[in-house]
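Participant: Predicted model and sequence follow; I will ask about them next.
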Protein chains: 2
Amino acid sequence: MPRRPAKSPVPSSDGLPEEQIHLIAKALADPRRFEILKQIGGKSCAVSCTDLRECQPISAATLSHHLKELEEAGLITIVRSGKFANLILRREILQAYLDQLAKI
Amino acid sequence: MPRRPAKSPVPSSDGLPEEQIHLIAKALADPRRFEILKQIGGKSCAVSCTDLRECQPISAATLSHHLKELEEAGLITIVRSGKFANLILRREILQAYLDQLAKI
DNA sequence: ACATCAATTAGACGGTTATCGAAACGTTGA
DNA sequence: TCAACGTTTCGATAACCGTCTAATTGATGT
């Protein structure tokens, strides 16, 4: 089965598609996800699910759900290494979102 | 009765309060509000509710609800002139939000 | 005073979502 | 092979939210 990377290519010059703008905005609107994103962005190295759960008082199921949302919005990449999942903030996507908002 | 302007003062140097960050993120997460905000920001002069309703296919009640959300988030100012309401985008608040996000 | 118009409020309805526990899945080391 | 572990999926529940219609408020012009 192909490991399809939740289509979020490099942001094109004409900005993110409207659909992705919406997904990102929704992703950022939940305080828990916002915290998660900050934690991922705060570390220079990759962050694992277990790391996150040590700081966020949520169940594994809920965390998995939020990570999926963040990935589908294109805000993070999930790099799987054996049984672990490592999270990386996609700063270029976040920046593209901010650039778009700045034009309003 | 004092016309309290939905406390959103000038953004301080240490950024917007966490609560407002959340309100702004939520406000931006709804496509309709996002459209409304774009329309308000697009015009150099002020925009009235009636103007908005000509472009957005929603009831007056729904529009009023969305404008309240935007105002409470600090993203717009509502200037009342007789029976009309004129909307103004608060760019300094939007910018403060973007600045904060960029630090993540 | 009255009718009209712009906007808000109240109340209801349906869809979405954050959350959990339990079960399932996939990896790893014994 | 098997048990333990990290993560995901499933199903359920409760809260939230966008939307509407109807009723209300407030301003304007006659």
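Facilitator: Nice, thanks for sending it over.

Participant: Now the residue in chain A that DNA strand C sits nearest to. Its backbone dihedrals?
Facilitator: When distances are taken as C-beta to the nearest atom of the strand, chain A reaches nearest to DNA strand C at residue A:82, 2.5 Å away. (C-beta placed from N, C-alpha, C; glycine too.) Main-chain torsions, residue A:82, degrees, to the nearest 10: phi 60, psi -130.

Participant: Just list the residues touching residue A:22, thanks.
Facilitator: Each residue near residue A:22 by C-beta atoms under 8 Å, 6 or more residues apart in numbering or on different chains is listed here: B:29, B:31, B:34.

Participant: Contacts only, for the residue nearest to residue A:46 when sequence neighbours are not counted.
Facilitator: Residue nearest to residue A:46 in three dimensions, not counting chain neighbours: residue A:86, with 3.9 Å by C-beta to C-beta, 6 or more residues apart in numbering or on different chains. With C-beta under 8 Å, 6+ apart as the criterion, the residues that contact residue A:86 are A:46, A:47, A:48, A:78, A:79, A:80.

Participant: What about chain A: which of the contacts of residue A:22 touch it?
Facilitator: With C-beta under 8 Å from any C-beta of the partner chain as the criterion, the members of the contacts of residue A:22 in contact with chain A are B:29, B:31, B:34.

Participant: which SSE is the closest residue to the second one other than its chain neighbours in?
Facilitator: What that stands for is residue B:31. Among residues not flanking residue B:31 along the chain, residue A:22 sits closest, at 5.7 Å (C-beta to C-beta, 6+ apart). When elements are defined using DSSP states H and E, residue A:22 is found to belong to helix A:18-29.

Participant: list the buried ones in stretch A:54-71?
Facilitator: Of the residues in stretch A:54-71, those buried by neighbour count under the rule 16 or more other C-beta atoms under 10 Å in any protein chain shown are A:56, A:58, A:63, A:66, A:67, A:69, A:70, A:71.

Participant: Kindly reformat the residues you listed as a markdown table containing distance to chain B and secondary structure.
Facilitator: Supplementary listing: the buried residues of stretch A:54-71 in a markdown table, determined by distance: C-beta to the nearest C-beta, whole Å; DSSP: H, G, I helix; E, B strand; the rest coil:
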| residue | distance to chain B | secondary structure |
| --- | --- | --- |
| A:56 | 16 | coil |
| A:58 | 17 | coil |
| A:63 | 19 | helix |
| A:66 | 14 | helix |
| A:67 | 16 | helix |
| A:69 | 12 | helix |
| A:70 | 12 | helix |
| A:71 | 16 | helix |
